[in-house]
Each structure stands twice: as C-alpha cells, then as structure tokens.
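*Asks:* Turn this into a model:
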Amino acid sequence: VRLVESGGGLVQPGGSLKLSCTVSGITLAIGWFRQVPGKEREVVSCLGTVTGRLYSADSASGRFTMSRDSGHRMVHLQMSSLKPEDTAVYFCAASTFVDSCPVSKISEYTSWGQGTQVTVSS
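*Replies:* The predicted structure follows:
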C-alpha cells in the first residue's frame with residue numbers, strides 16, 4: 001500500500017486547510033495522525049474502508065472532517081477553526097490486516113505516507 005499526502009501549509013488561527021491522501025492498494029482502515037516533535041504520534045480521525053465507520057478524536061471532533069472520494073482512491077481531512085496547537089506533521093496511514101478504526105493500536109497501521117507539515121500561526 002502506498003500513501004501520498006498533500007495540502008499542508010501555513011494558515012492563520014481560525015483558518016481552514018484541506019489535506020488529501022492518495023491511496024494505492026487494498027486497505028481495511030485509513031487514518032489521519034499527527035505528531036509534534038518530542039511527543040507521541042496521535043490519531044486525528046480514521047475510516048473503516050469496508051464498514052464506512054468514521055471516528056474522530058476529541059481534539060478534532062466538530063472541527064475536522066474526514067471523507068473519501070467516490071472512487072475510494074483519495075481520502076481528505078478538512079480542517080477548520082484551526083488553532084496553534086494543531087501545528088504538527090500530519091500523516092496518512094493504512095491498516096491492511098485489521099479494521100483498526102477506532103484505532104486500538106497505532107502499530108496496526110503498517111503503511112504510512114511521508115507526512116505533510118501544518119503550521120497554524122499568525
């Protein structure tokens with residue numbers, strides 16, 4: 001499975017940004033994660049690709065929306081009302097042997113994109 005993220009950048013607090021991830025291969029779940037230097041990687045949102053079940057972490061609920069296109073080749077993370085604490089490298093990842101959504105173990109996501117930087121600053 002290959003994943004390629006796009007759409008990161010610099011945005012002002014309160015602004016919006018849309019991340020996209022192109023997915024090649026068969027998956028059971030796709031997730032968006034983020035990581036700040038010195039901290040553990042955390043889940044933002046995930047989607048069960050067979051069940052269609054969607055999950056969002058508390059930090060993202062109400063502000064971030066994960067979706068996928070009709071061809072199931074791309075997933076998106078629409079982020080709004082961004083805060084400085086949302087600054088991180090955002091990763092798209094896939095679970096291929098278990099439907100890990102909600103995420104029980106990040107290690108169940110075995111394929112990762114290269115990450116895209118999101119910076120929220122005035």
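*Asks:* What's opposite the residue positioned nearest the centre of the chain in the beta bridge?
*Replies:* In the chain, the residue lying closest to the centroid (C-alpha atoms, centre = their mean) is W32, at 1.7 Å. W32 forms beta bridges with S45, C92, as assigned by DSSP bridges.
*Asks:* That one contacts S45, correct?
*Replies:* Yes. In terms of C-beta atoms under 8 Å, W32 counts as a neighbour of S45; the distance is 5.0 Å. The way it works is simple: take the backbone N, C-alpha and C, and place the C-beta from them, glycine included.
*Asks:* list the residues that contact both of the two?
*Replies:* 64, 66, 77 (C-beta atoms under 8 Å, 6 or more residues apart in numbering).
*Asks:* show me what contacts the nearest residue to F97 once chain neighbours are set aside?
*Replies:* The shortest distance from F97 to any residue other than its chain neighbours is 7.0 Å, reached at L28 (C-beta to C-beta, 6 or more residues apart in numbering). Residues in contact with L28 (C-beta under 8 Å, 6+ apart) are 48-50, 95-100.
*Asks:* where's P13, which helix or strand?
*Replies:* Assigned by DSSP states H and E, P13 falls within no helix or strand.
*Asks:* need the contact list for it.
*Replies:* 82-84, 120-122.
*Asks:* Quick check on it: phi, psi?
*Replies:* When read as degrees, to the nearest 10, the backbone of P13 gives phi -50, psi 140.
*Asks:* now do D86
*Replies:* Here is the backbone geometry of D86 (degrees, to the nearest 10): phi -80, psi -10.
*Asks:* That one reaches V118, doesn't it?
*Replies:* Yes. Contact criterion C-beta under 8 Å: D86 and V118 qualify, at 6.5 Å.
*Asks:* who touches both of those two?
*Replies:* Joint contacts of D86 and V118 (C-beta under 8 Å, 6+ apart) are 34, 79.
*Asks:* So what's the residue count around A57?
*Replies:* Look at A57: counted by other C-beta atoms under 10 Å, it has 17 neighbours.
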